[in-house]
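*Asks:* Give me coordinates for this.
(chains A and B)
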2 protein chains.
Amino acid sequence: MIKIMIRVLLYILLGLFMSVPAVAQDEDAFFIKKIYNSTLEKGKCYKMLHHLSEEIGGRLAGSQNATTAVEYTYDLMVEMGMDSVWKQECEVPVWIRGEKEEVIIQWKSTNKVLSSKNSQRLNALALGNTIGTGLNGVNGEIIEVYDLDTLDKMGNDLLKDKIVFFNRPMDPSQISTFSAYGGAVDQRVYGASKAAKYGARAVLVRSMTLAQDDNPHTGVCVYDETLPKIPALAISTNDANQLSELLKTQNVDVSIKSNSKNLPPATSYNVIGEIKGTTYPDEIILVGGHLDSWDVGGGAHDDGAGCVHSLEVIHILKMLNYKPKRTIRCVMFMNEENGLGGGKAYANESNLKGEFHLAAIESDAGGFTPRGFTCTAEDEVFKDHFLKFTSFGDLFSPYNMYLKQGGAGADINPLKSQKGLLIGFRPDSQRYFDYHHTAIDRIDAVNERELKMGAAAITSLVYLIDQHGLK
Amino acid sequence: MIKIMIRVLLYILLGLFMSVPAVAQDEDAFFIKKIYNSTLEKGKCYKMLHHLSEEIGGRLAGSQNATTAVEYTYDLMVEMGMDSVWKQECEVPVWIRGEKEEVIIQWKSTNKVLSSKNSQRLNALALGNTIGTGLNGVNGEIIEVYDLDTLDKMGNDLLKDKIVFFNRPMDPSQISTFSAYGGAVDQRVYGASKAAKYGARAVLVRSMTLAQDDNPHTGVCVYDETLPKIPALAISTNDANQLSELLKTQNVDVSIKSNSKNLPPATSYNVIGEIKGTTYPDEIILVGGHLDSWDVGGGAHDDGAGCVHSLEVIHILKMLNYKPKRTIRCVMFMNEENGLGGGKAYANESNLKGEFHLAAIESDAGGFTPRGFTCTAEDEVFKDHFLKFTSFGDLFSPYNMYLKQGGAGADINPLKSQKGLLIGFRPDSQRYFDYHHTAIDRIDAVNERELKMGAAAITSLVYLIDQHGLK
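*Replies:* The predicted structure follows:
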């Protein structure tokens, strides 16, 4: 009962002191409906995403496709008639996959699960930033493990010269698939160095997805520079399940060939455009996504969707002839996937210039139906910002969206020290990891209306922060 | 400000009188999480849906497939160990599509939109319950209209011997696609008789979807028995757009052949299973969907999803060894699509037996991510039921689901007079009409996790109503 009374008190306080006045709410609700109408009827985000995903394709930082995407989005911003459009240099690692990977398992006796063959090619993708195997490949016996800590117990005796197979699945009982991802991805990110510490020759990692299928999922691997580097590849969940089944009764060897390699760093660019604020030009509201993607597929959900969401914000505000009080800045960040070169360069330059980002909104969770926004900030400013932020809640309730505390986005996190509010767009997460970092993250995995609803939601939040600030 | 004060007052009242006590809430939250865990980890709904959609396929009432689906779900209920399982007779119309429809437009001069041809075959499907054209087909000049009332103004002069082409699109600015559907579907349901009144020979109707593609969408057409019956067919939205474009500059004739026909009514069945309540066996909580679907596609979202949601409720409660206080009844309704024979028969027999449905929950909006539940009831009992219903809101907030007033479902609506609460499950609606009543409403349009989340949500609501009643 006390919990209820406290909540009631909070509602009274919020009602009295924090809410947007009723008249403004009506005007805001009306303008937000206009935003939704315009986006659903005339939005261009799906067409832009089609171009990014299908005409340009996968666009890993440092690649020709990434350069093409920089030019494409720069030109779009210029066409939209933003007040300024520029490219911002950043340094990015250059990793190339090379020829198609080859992962072939072999075992001595036959097994029903894998029919009568005693060898099988697995669906595999080298992990980002990993070294290749060289022309002769890497061979060894597979040993299956479920978590990194187990390796410390196993030590050199069990791991030397082995191929470590990390096979802890994402937890299907998690409601948020991002939580399930967070609970499993350490194997992909740190597994290689951890295994190398005890003399393993290479690692295979179960793909980070809740789907049971044949699509391998790549993603970044981070080497401990003090340890030997060994090749690391993801295999599909179907293959991981079959391999695990096989290992219950057989010794299984594997032969791995991968041709990936790291080249010297290159210069790439964030693409930035802004509409200058009329009243508070020094208060920046940033909206962005990351322009780079993995090399396979089209990077449609990750993160073409976030890029075209952000571009659509500008397109819709321009279409509605909206003149912002504050500066609205649209940023296509480079190199989120394997280095964060763009996000770091952006924050560095912004800090050097003494800029203030009142709010930064990142869309990097796919182009699915919007469920809400989450936010974070430095402790000392969080409470004020959060109360104002949640006072917009009634305006999002017709769209069944929540406003909560939570994460923002990798590219904008470095801006936290400017003491504004960092906000993450949260679309429905159920399908995201079906496509994430795969060859099937293409335009046909994106529903046009779901994508547009996301753009409309983000535009609405930008509008509200522009109108009412965050204090 | 007054609105805010009223809301605060309402929260206080709700807090003091209506909420589930805090201890019960903790227990409930724990049990609901168990329901979600079990469903996401061990749910069978996707496998059952695969069978319904791909092994059995489209199952229009009166068809062999519908009979097979009756047997399949009856056997499933028996296997689950429900206390009683039975089939309930109902009369259903029998409509058959016959050989593939043929709709060919012809025009005198060439046109760039349709290249240099002067005839084109359209993607078409006869509407349900409509008559065929006979062997010679029906020919005539096409006239495009946007709403039914226009026909009254046009009259015999303009409409006699014409083929009326209804082309008002669903409104893309609607947030709920069901609202957009509701605003356009009169053309499909009543267009034929309205056109026949003024001497038209047949009608073509723009497919009821927001997607722009080549899939025609069938659905029911209702003839006015006092007027001549004329053939009615849906054409795809791409074809509708092209035809409309063509009509701006050309006279266009069309030749239609359709082989659909109505046979005498047949006997079919609802499939019903129940677990008897231990404390209040006379208070029934119904959960159901409709087993019939259109003949094309697999009826995966419409409404295989609702059927397997309902079956999963029983599967999960059984798996958790839950003994309900109230009687939980699972119903596969027959003939929702073109007659409601099953829903009417169910309510008639229930009324005759003097049964009381405390709650009836229908899932008939697809297998997408759950967004909430809506409810309705007779005016005199609505307020009490609704306050109790919404007192469960906190327990659904971790799943970001709303509980609101709104529609329930066609099959359960006839139970309203029993003065219980009628509840509709509301999954995300954005993709529903991409598949609705088409050949592509198949299992691959359904995401396994989204489907399971729906089953878990419905099971949770059944549990809460069983535990706490609705007063």
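
*Asks:* pLDDT weak spots in chain A?
*Replies:* Within chain A, the segments meeting pLDDT under 70 span A:1-23, A:109-117.

*Asks:* could you pull out the helices for it?
*Replies:* Ranges of helices in chain A, per DSSP state H, are A:2-13, A:22-42, A:45-50, A:64-79, A:148-159, A:177-182, A:186-196, A:237-247, A:305-319, A:341-352, A:379-390, A:393-396, A:432-435, A:448-468.

*Asks:* so the fifth one versus helix A:186-196, what angle?
*Replies:* Helix A:148-159 and helix A:186-196 are oriented at 30 degrees to each other (axes from the mean of the first three to the mean of the last three CA atoms, to 10 degrees).

*Asks:* still on that earlier bit, tell me which of the helices of chain A sits most buried.
*Replies:* helix A:305-319 (a mean of 27; mean count of other CB atoms under 10 Å in any protein chain shown). Every C-beta, even on glycine, is put in place using the N, C-alpha and C of the backbone.

*Asks:* what distance separates that helix from the centre of its chain?
*Replies:* In terms of CA atoms, centre = their mean, to the nearest Å, the gap separating the centre of helix A:305-319 from the centre of its chain is 18 Å.

*Asks:* Between helix A:22-42 and it, find me the angle.
*Replies:* Using the same axes, to 10 degrees, helix A:305-319 lies at 110 degrees relative to helix A:22-42.

*Asks:* what about helix A:305-319, near chain B?
*Replies:* No: if you take CB under 8 Å from any CB of the partner chain as the test, helix A:305-319 misses chain B, and the best it gets is 13.0 Å.

*Asks:* Which residue, other than its chain neighbours, is closest to residue A:68?
*Replies:* Leaving aside its chain neighbours, residue A:68 sits nearest to residue A:56 (5.2 Å; criterion: CB to CB, 6 or more residues apart in numbering or on different chains).

*Asks:* my guess is the one you found meets residue A:67, correct?
*Replies:* No: assessed by CB atoms under 8 Å, residue A:56 is found out of contact with residue A:67, at 9.8 Å.

*Asks:* Quick check: neighbours shared by these two?
*Replies:* Common neighbours of residue A:56 and residue A:67, using CB atoms under 8 Å, 6 or more residues apart in numbering or on different chains, do not exist here.

*Asks:* one step back: okay, the helices of chain A in CSV with distance to residue A:426 next?
*Replies:* Shown next, in CSV, are the helices of chain A (distance: least, CB to CB, whole Å):
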stretch, distance to residue A:426
helix A:2-13, 23
helix A:22-42, 18
helix A:45-50, 17
helix A:64-79, 24
helix A:148-159, 29
helix A:177-182, 9
helix A:186-196, 23
helix A:237-247, 25
helix A:305-319, 12
helix A:341-352, 19
helix A:379-390, 14
helix A:393-396, 12
helix A:432-435, 11
helix A:448-468, 10
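
*Asks:* nearest to residue B:460, of these?
*Replies:* Closest of those to residue B:460 is helix A:177-182, at 19.1 Å (criterion: CB to CB).

*Asks:* which strands and helices sit next to that closest one?
*Replies:* On a contact count with 3 or more CB pairs under 8 Å, 6 or more residues apart in numbering or on different chains; DSSP states H and E, helix A:177-182 meets helix A:432-435.

*Asks:* how about the helix it packs on, does it reach chain B?
*Replies:* Yes: Helix A:432-435 comes into contact with chain B (CB under 8 Å from any CB), by way of residue A:434.

*Asks:* From the contact counts, what lies against that helix?
*Replies:* helix A:177-182.

*Asks:* can you give me the offset of the helix it packs on from its chain's centre?
*Replies:* Distance, centroid of helix A:177-182 to centroid of chain: 12 Å (CA atoms, centre = their mean).

*Asks:* So residue A:399 is in contact with residue A:370, correct?
*Replies:* Yes: using CB under 8 Å, residue A:399 is in contact with residue A:370, at 6.9 Å.

*Asks:* So for those two, which residue has more residues nearby?
*Replies:* Neighbours were counted for residue A:399 and for residue A:370 using other CB atoms under 10 Å in any protein chain shown; residue A:370 has more, 26 against 18.

*Asks:* Just list whatever residues bridge to that one.
*Replies:* With DSSP bridges as the criterion, residue A:370 is bridged to residue A:427.

*Asks:* check contacts around it.
*Replies:* With CB under 8 Å, 6+ apart, residue A:370 has these contacts: A:399, A:401, A:425, A:426, A:427, A:428, A:453, A:454, A:457.

*Asks:* Distance of it relative to residue A:238?
*Replies:* The spacing between residue A:370 and residue A:238, counted by CB to CB, to the nearest Å, is 32 Å.

*Asks:* number of nearby residues for the residue nearest to residue A:68?
*Replies:* Using other CB under 10 Å, residue A:56 has 22 other residues around it.

*Asks:* Spatially nearest residue to the closest residue to chain B within the stretch 51-200 of chain A (excluding sequence neighbours)?
*Replies:* Across the stretch 51-200 of chain A, no residue is closer to chain B than residue A:173, which sits at 4.1 Å (CB to the nearest CB). Excluding the flanking residues, the one nearest residue A:173 by CB to CB, 6+ apart is residue B:37, at 4.1 Å.

*Asks:* Also residue A:396?
*Replies:* Using CB to CB, 6+ apart, the closest residue to residue A:396 is residue A:403 (6.5 Å).

*Asks:* ditto for residue A:290
*Replies:* Nearest to residue A:290 is residue A:336, by CB to CB, 6+ apart, at 3.5 Å.

*Asks:* show me what contacts the one you found?
*Replies:* Shown in contact with residue A:336 (CB under 8 Å, 6+ apart): A:290, A:292, A:303, A:342, A:343, A:364, A:410, A:411.

*Asks:* closest to chain B among these?
*Replies:* Using CB to the nearest CB, residue A:364 comes nearest to chain B of those, at 19.3 Å.

*Asks:* got a list of what the closest one touches?
*Replies:* By CB under 8 Å, 6+ apart, the contact set of residue A:364 is A:289, A:290, A:302, A:303, A:306, A:336, A:409, A:410, A:411, A:424, A:425.

*Asks:* Generate TSV for those residues, with distance to residue B:193 as supplementary columns.
*Replies:* Shown next, in TSV, are those (distance: CB to CB, whole Å):
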residue	distance to residue B:193
A:289	51
A:290	55
A:302	51
A:303	51
A:306	49
A:336	58
A:409	55
A:410	59
A:411	58
A:424	52
A:425	47
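
*Asks:* Strands - which of these land there?
*Replies:* Among the contacts of residue A:364, the members falling in strands (DSSP state E) are A:289, A:290, A:424, A:425.

*Asks:* so what secondary structure elements neighbour the strand ranked longest in chain A?
*Replies:* Ranked by residue count and defined by DSSP E, the top strand of chain A is strand A:261-275. Applying 3+ CB pairs under 8 Å, 6+ apart, one finds that strand A:261-275 contacts helix A:64-79, strand A:84-96, helix A:305-319, strand A:326-333, helix A:341-352.

*Asks:* Stretch A:181-201 spans what distance, first to last residue?
*Replies:* End-to-end span of stretch A:181-201 (CA to CA, to the nearest Å): 26 Å.

*Asks:* same question but for stretch A:163-176, I mixed them up
*Replies:* With CA to CA applied, stretch A:163-176 spans 32 Å between its terminal residues.

*Asks:* And for stretch A:391-403?
*Replies:* 9 Å.

*Asks:* now swap in stretch A:344-361 and tell me
*Replies:* Start and end residues of stretch A:344-361 are separated by 16 Å (CA to CA).
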